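Chemist: my questions concern the predicted model and sequence given below.
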Amino acid sequence: MLTLILETVSQFLFVLLSAPLFAGIFGKFKARIESRKGPSIFQPYYDIIKLLKKETLVPSGSSILFRYVPYAAFGVYCLIALIIPVLLPVPIIFTASADFLGGAILFSLAAFLKMAAAMDSGSNIAAMGVSRLASFNFLGEGALITVFIAVSLITATDNPYTTNAYLVSNPSANITLVHVFATLAFFMIFLYETGKIPLESAGLQELGMIDESLNYEYSGRLLAMNKWSGYIKQYLLGSVLLNVFLIPWGLYSTYPYFLLDIPVMFGKWLLLIFIVMVIETTLAKVRLFKILDYLAVAFTFSILFLLLSEVMH
Amino acid sequence: MIAGTWISILLLVVPGAASVFYFREIPVATVVGAGIEEVLAVFLYWLRPPNGFFFVDSLSWVFIFMITSIYLLSSIYSLKYISERNATGVKQHTYYLLMNLFAISMLFSAQVNNYGLMWVGIEATTISSALLIMTEKSEESLEATWRYIILVSAGVTFAFISIILIYYSFGTLTVSTILDAGVRNTLFVRVAVSVALVGFGTKIGVFPVHTWLPDAHSEAPSPISAMFSGVLLPTALYVLYRIFQIDPLTSIFIWFGTISIVAASLFLGYQAKYKRMFAYSTMENMNLALIGIATMNPIGILGALYLLISHSFSKAGAFYSSGNILSSTDTKDVARVSGISKKMPLTSVAMLMSSLGVSGTPPFGTFFGEILILYSMFITNAFPQFIIVVIFLVFAFVGINLNVSRMLFGPAVDAKEPGRLMPSIAIVASLIPIVIGAFYMVVNYAIL
Amino acid sequence: MNYESIVFLLSASILISAFYVQGQRYIISMIRGQLVQSLLIAGTTFLLSYLNHSIDLLILGLLLLFLRGVLITYLLETKVPRRKSYVFEEGVNVPYLFLVDLIFIVVAVFIIYSIIFSSLVPVSQPGTSSTLLFPLLLFFQGLFLITSRRSTFSQIIGYVEEENSLVLFAIFLLPVPIVIEASVFLDVLALVVISSVITVEKFSHERMEELRG
């Protein structure tokens, strides 16, 4: 029991505390490739601390939704951090609260809450961002959920830990057609959800602004929460991609060794950051309306994957 | 019986031989070739080839006879028609070459003893006839050609699935072997037969996949429209019948035929172009023949054959007389043609006879065919379909004859008979069904 | 590495090439996509001819390589109007096309595959009925390409895809007599030649008042 509590606490804290770091490493690497000096890798932490100290302003017309949603969304991401294999390859205390599909739906819930809160602010820019996000998300979320359902078809259970264990023990399952399709679709979704080039939803110019417009009216502590949950979301999606799809190996589950998972995850993340970096620096940003095309391709892949896994098993 | 095989081979070779005169005198050579074909087809009745590469029974003979007859009539009619209409899309000698290939591919499909090669033959008819539609080059005829190519090819591709499934089920594609084995009712055979209904149905004009039919018929030059209506569609029906024989799915076929007749009669009612109207009439007649075949009893099949053979002449007559009207008035609109009975008496007689013929008026052969098919539906207990079909046959009858009488009577428009040849061919074609009808009555009374 | 998974991999690439063609606006890249698809099918045919020790399939593969890979691509490419890179189809809405396509495919394929095709037992190696899914998908893909596009080229390519699917179906299920199989190719070739006559005159196909009803 004690080990279980220890495992739970370490996974939770690791996700919470290290998530901004990966964003920082990413920013630094990118700056270096672009021949800039770039900020410190701890810059996201500094940002969060600075924002926590600042005064919080709330638009006059907004309701209670605007003020509490950042905390609610943060809580949802924290819950997801407990139910999917983002550090440990074995179930921990809260894992039983939802399955893989539940995790996907929680992602959608958080996105919905953020959009509702942004609408509540009454700002035009936020409304524009929400309408863009909504028109993209109907494909993005659809693909995400489809991939998660389809993954469960491989092992006939909706438990990501089982999938992970299955992939570790059957190396050949990693190169089956079904798995390759799913990985591809999920990788595309990862790029979209975390706003990387070629999509770059994190950009600040009005023409391409999508994600940032949701934070447009936020300031101070609320903005800090939003930013932090953004980092956590990136970490969660990336870790699922790594642990369930891309590289399921290398994780320890027994008592003292599970602490080794922390450097292992760092290593995996460095690889992922490298891959994303290559994509970011070689591709150009697509036009806003092309994002739908991109998501349609991801969605198509996920549905085809569903079809294939249904037929071949 | 070796002589029979030689006749079958000659039937395929003669139009090709006529095409050798491509650079000089191909029109005359084609007519002579078609004449020889007609004689050969008649001889084929007594001298059948043994079942080997060819498979010719009495049923296929009827189709072969139809093909050669309409081919002969159309080639004679073309002599005048094509030189009068300026053939800009396809040069005159190419027109005859393609027409010969078209005839060969149809004769091939009707004679060959292999489902796969039948499919090849039907595809070949599409390829050889496609360019014929754009003989009189215009924006519409190009569009009609394209629709014909893409729709029919895509549809007939479906049929190939059914060919593969037949090969999978029987291990052979030889028609005589499979039919001798008797009815085989497995899942795959049922699927093969139903897929063939959709696939070859595209070419026959079964309802949801008929859309190319009116376009192609109205834009093609009249002799080619006559060949399409008169023999191309029956040839496709023949191939479908051969597949249907493996496992008769009577009720599906009858329902599809019934729905198509309803659709054809409704569309037919509001057509403003006379050639399109005749095209829908073809669709109606073909589907009636499909029903006759689908009832799968001797009376129905006999009725279908009567209907098909008389219809092919009547419809050829209808398209020839349409061609006469088109070349003298230069319009396809029903509304812009009236009173031609005063200016073009011969054509008017042909038009009236053939429109009565295609709508199934006694004493034309089509009437007896329809009666037999309806009777056969009655004895196979297809009562709801029977009632629907009778109602919509009346619709179609009224629709066609009303439009034709508008064209024939009333105030006369400026028109004159285009020479002697074209009207007389039209009259010959439109009167043959009466002979067939009379022949039926004689035979029938002789038996009774 | 067993051959079955190579066959699956090839078939899946064929499927992806079909989606690639469906999502293209530029005609030249549709033609290239068709080329890749035909080459993949030729590759599959060679692999199957090796697995089944069949000379017929080898000949078929060579025919595919020559007719589809070289001749049809050449014929189509020379017919694309002069300023090649600018020729594209207006109004191609990729997300919409893909979604409708998926609905079309999923419904059609699941019904047809699960009722009929899954119980077919292929004669040729590798004898799993799962392979038959791909020709079916490709068939409906080609059909959808024909119905969803207006330009002559797209419709021809849709038709070529359809015929490709027939070839694939035949080689996966059982070797059909080579004469009939070969005539499928000649058929497509003849069709492309005929349509090249038409494309000179008419580049896209809209509704027409004259041909209504």
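Modeler: Now that the structure is in, tell me what you want to look at.

Chemist: tell me which element residue A:139 is part of?
Modeler: Taking DSSP states H and E as the definition, one finds residue A:139 inside helix A:124-155.

Chemist: and for residue B:320?
Modeler: Assigned by DSSP H and E, residue B:320 falls in helix B:298-329.

Chemist: and the helix or strand following that helix, what does it pack against?
Modeler: Next helix or strand after helix B:298-329 toward the C-terminus (DSSP H and E): helix B:340-343. Packing partners of helix B:340-343 (3 or more Cβ pairs under 8 Å, 6 or more residues apart in numbering or on different chains; DSSP states H and E): helix B:345-358, helix B:383-408. C-betas here are computed from N, CA, C, even on glycine.

Chemist: columns distance to residue A:127, mean pLDDT and mean neighbour count on top of those, output as CSV?
Modeler: Supplementary listing: these in CSV, determined by distance: least, Cβ to Cβ, whole Å; pLDDT from 0 to 100; neighbours: other Cβ atoms under 10 Å in any protein chain shown:
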stretch, distance to residue A:127, mean pLDDT, mean neighbour count
helix B:345-358, 65, 90, 24
helix B:383-408, 57, 91, 18
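
Chemist: ok, and what's touching stretch A:134-153?
Modeler: A:99-101, A:103-105, A:107-108, A:111, A:115, A:158-160, A:163, A:178, A:182, A:185-186, A:188-189, A:192-193, A:210, A:244-245, A:291-292, A:295-296, A:298-299, A:301-303, A:305-306, A:309-310, A:313, C:95 (Cβ atoms under 8 Å, 6 or more residues apart in numbering or on different chains).

Chemist: returning to what we had before: of all the helices and strands packed on helix B:340-343, which lies closest to chain A?
Modeler: Chain A lies closest, by Cβ to the nearest Cβ, to one member of those: helix B:383-408, at 38.7 Å.

Chemist: that closest one: what's the following helix or strand?
Modeler: Using DSSP H and E, the first helix or strand after helix B:383-408 is helix B:421-447.

Chemist: could you check the angle that next one makes with helix B:345-358?
Modeler: 40 degrees (axes from the mean of the first three to the mean of the last three Cα atoms, to 10 degrees).

Chemist: who are the packing partners of the helix or strand hosting residue A:101?
Modeler: Assigned by DSSP H and E, residue A:101 falls within helix A:100-120. For helix A:100-120, the packing partners by 3+ Cβ pairs under 8 Å, 6+ apart come out as helix A:64-83, helix A:124-155, helix A:160-169, helix A:220-240.

Chemist: try it again at 7 Å.
Modeler: helix A:64-83, helix A:124-155 (3 or more Cβ pairs under 7 Å, 6 or more residues apart in numbering or on different chains; DSSP states H and E).

Chemist: skip the chain neighbours and tell me the closest residue to the closest residue to chain C within the stretch 1-150 of chain B.
Modeler: Taking Cβ to the nearest Cβ, chain C has its nearest neighbour within the stretch 1-150 of chain B at residue B:116, 3.7 Å off. Of all residues not flanking residue B:116 in the chain, residue C:180 sits nearest, at 3.7 Å (Cβ to Cβ, 6 or more residues apart in numbering or on different chains).

Chemist: contacts (any at all) between chain C and stretch B:211-225?
Modeler: Yes - counting by Cβ under 7 Å from any Cβ of the partner chain, chain C has neighbours in stretch B:211-225: residue B:215.

Chemist: what residues does that stretch touch?
Modeler: Applying Cβ atoms under 7 Å, 6 or more residues apart in numbering or on different chains, the contact partners of stretch B:211-225 are B:74, B:77-78, B:81-82, B:85, B:132-133, B:135-136, B:140-141, B:144, B:147-148, B:151-152, B:205, B:228-229, B:273, B:275-276, B:278-280, B:283, B:319-320, B:322-323, B:326, B:332, C:211.

Chemist: which of the residues you listed fall within helices?
Modeler: Judged by DSSP state H, the subset of the contacts of stretch B:211-225 located in helices is B:74, B:77-78, B:81-82, B:132-133, B:140-141, B:144, B:147-148, B:151-152, B:275-276, B:278-280, B:283, B:319-320, B:322-323, B:326.

Chemist: how much space between the residue in the stretch 201-313 of chain A positioned nearest to chain B and residue C:188?
Modeler: Closest contact between the stretch 201-313 of chain A and chain B, by Cβ to the nearest Cβ, is at residue A:311 (18.7 Å). Distance of residue A:311 to residue C:188, given as Cβ to Cβ, to the nearest Å: 28 Å.

Chemist: chain B contacts on chain C?
Modeler: Checking chain C against chain B by Cβ under 7 Å from any Cβ, the hits are C:116, C:119-120, C:143, C:146, C:152, C:155, C:159, C:162-163, C:166, C:169-170, C:173-174, C:176-177, C:180, C:183, C:187, C:190-191, C:194-195, C:197-198, C:201-202, C:205, C:208, C:210-211, C:213.

Chemist: point out where the chain drops to low pLDDT.
Modeler: No chain specified, so I'll use chain A. A:200-208, A:312-313 (pLDDT under 70).

Chemist: my question was about chain C
Modeler: Ranges of chain C meeting pLDDT under 70: C:1, C:81-86, C:201-204, C:206-213.

Chemist: tell me the pLDDT at the closest residue to residue B:388 other than its chain neighbours?
Modeler: Closest residue in space to residue B:388, ignoring its immediate chain neighbours: residue B:258 at 5.4 Å, by Cβ to Cβ, 6+ apart. For residue B:258, the pLDDT comes out at 93.

Chemist: show me what contacts residue B:258?
Modeler: Contacts of residue B:258 (Cβ under 7 Å, 6+ apart): B:291, B:385, B:388-389.

Chemist: at 6 Å what do you get?
Modeler: If you count contacts by Cβ atoms under 6 Å, 6 or more residues apart in numbering or on different chains, residue B:258 has them with B:385, B:388-389.

Chemist: now the helix or strand containing it: buried residues?
Modeler: When elements are assigned from DSSP H and E, residue B:258 belongs to helix B:250-269. Residues of helix B:250-269 classed as buried: B:250, B:253-265, B:267-269 (neighbour count, 16 or more other Cβ atoms under 10 Å in any protein chain shown).

Chemist: just checking, what packs against the helix or strand that contains residue B:60?
Modeler: If you go by DSSP H and E, residue B:60 is part of helix B:58-84. Helices and strands touching helix B:58-84, by 3 or more Cβ pairs under 6 Å, 6 or more residues apart in numbering or on different chains; DSSP states H and E, are helix B:26-44, helix B:92-111, helix B:222-227, helix B:298-329, helix B:421-447.

Chemist: re the thing from before, just put the helices and strands packed on helix A:100-120 in CSV and tack on mean neighbour count.
Modeler: CSV is the format used below for the helices and strands packed on helix A:100-120 (neighbours: other Cβ atoms under 10 Å in any protein chain shown):
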stretch, mean neighbour count
helix A:64-83, 19
helix A:124-155, 20
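
Chemist: any chance of those in JSON lines, with distance to residue C:4 too?
Modeler: Below are the helices and strands packed on helix A:100-120 laid out as JSON lines (distance: least, Cβ to Cβ, whole Å):
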{"stretch": "helix A:64-83", "distance to residue C:4": "36"}
{"stretch": "helix A:124-155", "distance to residue C:4": "17"}
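
Chemist: looking at those, which is closest to residue C:52?
Modeler: helix A:124-155 (30.4 Å; Cβ to Cβ).

Chemist: tell me the gap between the closest one and the middle of its chain.
Modeler: 12 Å (Cα atoms, centre = their mean, to the nearest Å).

Chemist: now do that helix against helix A:220-240, angle only.
Modeler: Using the same axes, to 10 degrees: helix A:124-155 against helix A:220-240 is 30 degrees.

Chemist: just the helices in chain C please.
Modeler: Going by DSSP H, chain C shows helices at C:3-22, C:27-52, C:55-63, C:73-79, C:94-115, C:133-148, C:152-173, C:178-201.
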